[in-house]
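> sequence and predicted structure are below.
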Amino acid sequence: MATTSMTQQIVPPATIGMLGGGQLGRYALMAASAMGYRTVVLDPDPSAPAGAHANDHLVAAYDDHASLDRLLRECDVVTTEFENPPAAVLERLAATTRVAPRPASVAVAQDRIAEKAFLVDNGFPVGSFAVIADGSDNQSGIASGTGLSSVVAGGAIVKTARLGYDGKGQRSVDSVAGVHAALAELGGVDCVVESRLDLRAELSVIIARTVDARVEWWPVAENRHVGGVLDLTVVPARVDPLLADRAIGLAMAIGDALDYVGVLAVEFFVVAGHDGDDSLLVNELAPRPHNSGHWTLDASVTSQFEQQIRAVCGVGLGDTSMTAPAVAMANLLGDLWLPSGGDGRVREPRWEAIFDDPHATLHLYGKSQPRPGRKMGHVTVTADTPDQAERRVVALREALLAR
Ligand code: ADP
Ligand code: MG
């Protein structure tokens, strides 16, 4: 307890602390307890999905002193399943126990302004953007050397610097006046303004990195978003293998630049480069397992959640090979329980459709309240090719609504 050095391997029955009790924490704690670790989760929501899978669920605010003291007393390492634990909390925990990822890495990923600055300072490619802090654009267009009006020309997206997820905290705009209206709507908080890019594809790379710089990665995932929310992931991505290798190289270099410990997801945009070829831009970083890695539960030797536990404990990393030629994952949002044209009442989807397919796996996160846009679960399908996997997973999700 709080006596392990930064590099010592943490093995069962040691205790792992988790900040946040959503579905990402739930799967990580399930993996941890399967390996024989003890687990404690801190989440203010008594019905947080991870709560039921932890040895102890501390139901308290993230900055609750008594709960942080307990984590410090009981945990050999503390990790996080979301990017927004308060920086002061992570710093306090890190002063006397192992915290992975490092507070400085989380600080970069939890603030779009810090994230852009990190990416630009380290020479990673990003789209043109402007920063609006304290109500004015005072560091505009670092990447492109341009100001707000040129970022906005052709359309832009205003994103709150902090606390956005699943497309929340974002507004699409078409003029500088539109930026100001969006800022007011978003409550005048610090924002980044990004040029709205013509996306050829979206990719993500998930890596796991240990404190002694051992790294593993999964094949590149191809992601489709609807309304800013991940809808579908297909692996391996149907892109030029050279582009996929470049994405993996960038993700590893980002991991090195952050001296990252744990599982890191890097989201990429594929856009037309100057020569018309596919070119990569870094969209954003997630200092944790990622929705686009849920397929690893069913089609990789080691899941991203087991790997998170292994990485933060500093033990050997697992094999990231796929166990099927291709896989697709479709998210199940609360809307599926609230069919349009229905009577507004909650209706359970027809799960038999998924169970009837031996290559499909259903995952539900144990959330009792379906709300539009809320991630309730996902379905995974393995197949011989990415196209087949995608077609099948889409068909299965549609079949959930059949009467
Ligand atoms: P979140 O934190 O909600 O995932 P993102 O910045 O990744 O926020 O945005 C969500 C999605 O919105 C992206 O995956 C992409 O589909 C779309 N998007 C975001 N920024 C841009 C942009 N600059 N140009 C085009 N599409 C974008
Ligand atoms: Mg994103």
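Nice, thanks for sending it over. Residues are numbered from 1 along each chain as shown. Ligands and ions are numbered 1, 2, ... in the order given.
> tell me how many other residues crowd the nearest residue to Val229 once chain neighbours are set aside.
In space, and not counting its chain neighbours, Val229 is closest to Asp166: 4.6 Å by C-beta to C-beta, 6 or more residues apart in numbering. The C-beta positions use only the backbone N, C-alpha and C, and glycine is treated the same way. Asp166: 17 surrounding residues under other C-beta atoms under 10 Å.
> Asp166 and Gly373 touch, don't they?
Yes - assessed by C-beta atoms under 8 Å, Asp166 is found in contact with Gly373 at 6.8 Å.
> what residues are shared contacts of those two?
Listed contacts common to Asp166 and Gly373 are Val229; contacts here mean C-beta atoms under 8 Å, 6 or more residues apart in numbering.
> quick one, what contacts Pro236?
Contacts of Pro236 (C-beta under 8 Å, 6+ apart): Pro219, Val220, Glu222, Ala244, Met322, Ala326, Pro386.
> phi, psi for it please.
Here is the backbone geometry of Pro236 (degrees, to the nearest 10): phi -70, psi 150.
> do you know how far it is from Met376?
Counting by C-beta to C-beta, to the nearest Å, the separation of Pro236 from Met376 is 27 Å.
> show me where the stretch 251-400 of the chain has its helices.
296-299, 304-313, 352-355, 386-399 (DSSP state H, counting those that start in this stretch).
> comparing the ones you listed, which comes out most buried?
helix 304-313 (a mean of 27; mean count of other C-beta atoms under 10 Å).
> quick revisit: and of the helices of the stretch 251-400 of the chain, who's closest to Leu199?
helix 386-399 (17.5 Å; C-beta to C-beta).
> and that closest one, how far out from the chain's middle?
On the basis of C-alpha atoms, centre = their mean, to the nearest Å, helix 386-399 sits 23 Å off its chain's mean C-alpha point.
> now stretch 106-126
With C-alpha atoms, centre = their mean, you get 16 Å for stretch 106-126.
> anything in that stretch near ligand 1?
No - Stretch 106-126 stays clear of ligand 1 (C-beta under 6 Å from any ligand atom), getting no nearer than 7.7 Å.
> give the buried residues for that stretch.
106-113, 115-116, 118-119, 124-126 (16 or more other C-beta atoms under 10 Å).
> distance of the closest residue to His53 other than its chain neighbours from Thr96?
Nearest-residue entry for His53: Leu29, 4.7 Å, with adjacent residues in sequence omitted and distances by C-beta to C-beta, 6+ apart. Leu29 is 23 Å from Thr96, where distance means C-beta to C-beta.
> do Val151 as well
For Val151 relative to Thr96 (C-beta to C-beta), the value is 43 Å.
> which one of those two is surrounded by more residues?
Val151 (27 against 12).
> thinking that one is in contact with Glu194, fair?
Yes - in this structure, Val151 is within contact of Glu194 by C-beta under 8 Å, at 7.2 Å.
> what residues are shared contacts of these two?
Ser128, Phe129.
> which residue is the nearest non-sequential neighbour of Ala88?
Among residues not flanking Ala88 along the chain, Asp63 sits closest, at 6.9 Å (C-beta to C-beta, 6+ apart).
> before we move on, what SS does that neighbour have?
coil (DSSP: H, G, I helix; E, B strand; the rest coil).
> show me what contacts it?
Per C-beta under 8 Å, 6+ apart, neighbours of Asp63: Pro86, Ala88, Val89.
> residue numbers of the stretch 251-400 of the chain in contact with ligand 1?
Glu267, Asn283, Glu284.
> measure the closest residue in space to Val315 that isn't next to it in sequence to Leu71 for me?
Spatially, and ignoring its direct neighbours in sequence, Val315 is nearest to Gln9 (4.9 Å; C-beta to C-beta, 6+ apart). Gln9 is 20 Å from Leu71, where distance means C-beta to C-beta.
> top of the residues of the stretch 251-400 of the chain next to ligand 1 by neighbour count?
Ranking those using other C-beta under 10 Å puts Glu267 first, with 21 neighbours.
> does ligand 1 sit close to the helix or strand harbouring Val179?
Val179 belongs to helix 176-185 when assigned by DSSP states H and E. No - applying C-beta under 6 Å from any ligand atom, one finds helix 176-185 separated from ligand 1 by no less than 13.5 Å.
> check what pLDDT the residue sitting nearest the centre point of the chain gets.
In the chain, the centroid-proximal residue (C-alpha atoms, centre = their mean) is His290; its distance is 3.4 Å. Listed pLDDT for His290 reads 98.
> that one touches Ala265, doesn't it?
Yes - applying C-beta under 8 Å as the test, His290 and Ala265 come out as touching, 3.4 Å apart.
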